[in-house]
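Trainee: Next one to model:
(one chain, ligands or ions: 3)
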Amino acid sequence: MRDEIKEILITEEEIQRKIVEIGKGLTEEYKGRFPLVVGVLKGSLPFMGDLIQRIDTHIELDVMDVSSYGNETVSSGEVKIVKDLNTSVEGRDVLIVEDIIDSGLTLSYLVKLFHYRKAKSVKLVTLLDKPEGRKVELVPDIVGFTVPDEFVVGYGLDYAERYRNLPYIGILKPEVYNG
Ligand SMILES: O=P(O)(O)OC[C@H]1O[C@H](OP(=O)(O)OP(=O)(O)O)[C@H](O)[C@@H]1O
Ligand code: HPA
Ligand SMILES: [Mg+2]
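Mentor: Numbers count the residues shown, from 1 in each chain. Ligands and ions are numbered 1, 2, ... in the order given. Alright, predicted model coming up:
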């Protein structure tokens with residue numbers, strides 16, 4: 001374990017077991033429907049990469065980069081599209097894949113955007129849900145784990161772009177971001 005990590009919240013094994021379970025459910029749900037799976041950069045990359053291998057039916061993949069945090073631990077509240085999809089969502093079953101829902105600002109923006117762009121359905125799967133962080137009402141369709149109101153890192157989640165490559169989810173020691 002790295003020195004800057006106070007505690008491991010979710011181990012690598014727990015994450016991978018959960019992904020198999022979520023993948024089974026999504027396989028049943030999307031069989032014969034060719035959903036557009038949208039990963040939200042950059043945090044969702046490890047989760048999306050592992051999850052799609054557990055969805056045993058045809059999917060199309062795209063990514064979108066939306067940012068509201070910059071290098072801070074608190075959302076600025078302003079959602080910026082850094083990179084849009086290459087694919088039209090019109091008439092498509094869209095599955096958004098996220099690493100975490102915290103304030104809900106990023107995802108409520110995306111869900112509204114895809115409805116506005118006439119998606120047939122929009123579902124949201126997130127590895128982590130931090131309900132105490134919510135600033136807008138948003139209930140994800142599928143949640144891997146519920147986490148406490150602390151800044152978590154690892155498995156895609158960063159602090160100032162670091163720690164995304166940890167295979168587990170951990171809590172950072174406060175002195176790391178308080179200087
Ligand atoms: O519910 P919210 O408060 O909106 O927070 C969740 C979003 O914030 C993080 O992304 P970030 O903007 O940090 O970009 P990143 O994935 O590149 O780290 C995370 O990956 C989610 O996309
Ligand atoms: O707890 C978090 N950790 C990392 N990135 C985040 N983006 C929203 N919440 C978090
Ligand atoms: Mg981030």
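Trainee: Please enumerate the helices of the chain.
Mentor: 12-30, 45-52, 105-116, 174-178 (DSSP state H).
Trainee: how about TSV for these, with mean pLDDT, distance to ligand 2 and mean neighbour count added?
Mentor: For the C-beta atoms, the positions are set from N, CA and C on the backbone; glycine is no exception. Putting the helices of the chain into TSV (pLDDT from 0 to 100; distance: least, CB to the nearest ligand atom, whole Å; neighbours: other CB atoms under 10 Å) gives the following:
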stretch	mean pLDDT	distance to ligand 2	mean neighbour count
helix 12-30	98	15	15
helix 45-52	98	13	20
helix 105-116	94	8	18
helix 174-178	83	10	12
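Trainee: Near residue 40, how many residues? Count them for me, please.
Mentor: 25 (other CB atoms under 10 Å).
Trainee: re earlier: any chance of the helices of the chain in TSV with distance to ligand 1 as columns?
Mentor: Below are the helices of the chain laid out as TSV (distance: least, CB to the nearest ligand atom, whole Å):
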stretch	distance to ligand 1
helix 12-30	15
helix 45-52	8
helix 105-116	3
helix 174-178	13
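Trainee: right, is stretch 163-179 up against ligand 3?
Mentor: No - using CB under 5 Å from the ion, we find that stretch 163-179 stays clear of ligand 3, coming within 8.4 Å at best.
Trainee: Pull the residues that contact that stretch.
Mentor: The set of residues external to stretch 163-179 that reach it, using CB atoms under 8 Å, 6 or more residues apart in numbering, is 1-2, 4-12, 15, 42-43, 45-46, 73, 128, 145, 147, 150-160.
Trainee: just to revisit the earlier point, would a markdown table of the helices of the chain with distance to residue 124 be doable?
Mentor: Below are the helices of the chain laid out as a markdown table (distance: least, CB to CB, whole Å):
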| stretch | distance to residue 124 |
| --- | --- |
| helix 12-30 | 12 |
| helix 45-52 | 13 |
| helix 105-116 | 6 |
| helix 174-178 | 27 |
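Trainee: So what would you say the end-to-end distance of stretch 126-145 is?
Mentor: 8 Å (CA to CA, to the nearest Å).
Trainee: Buried residues, it. List them.
Mentor: For stretch 126-145, the neighbour count (16 or more other CB atoms under 10 Å) marks 126-131, 133-134, 138, 140, 142-145 as buried.
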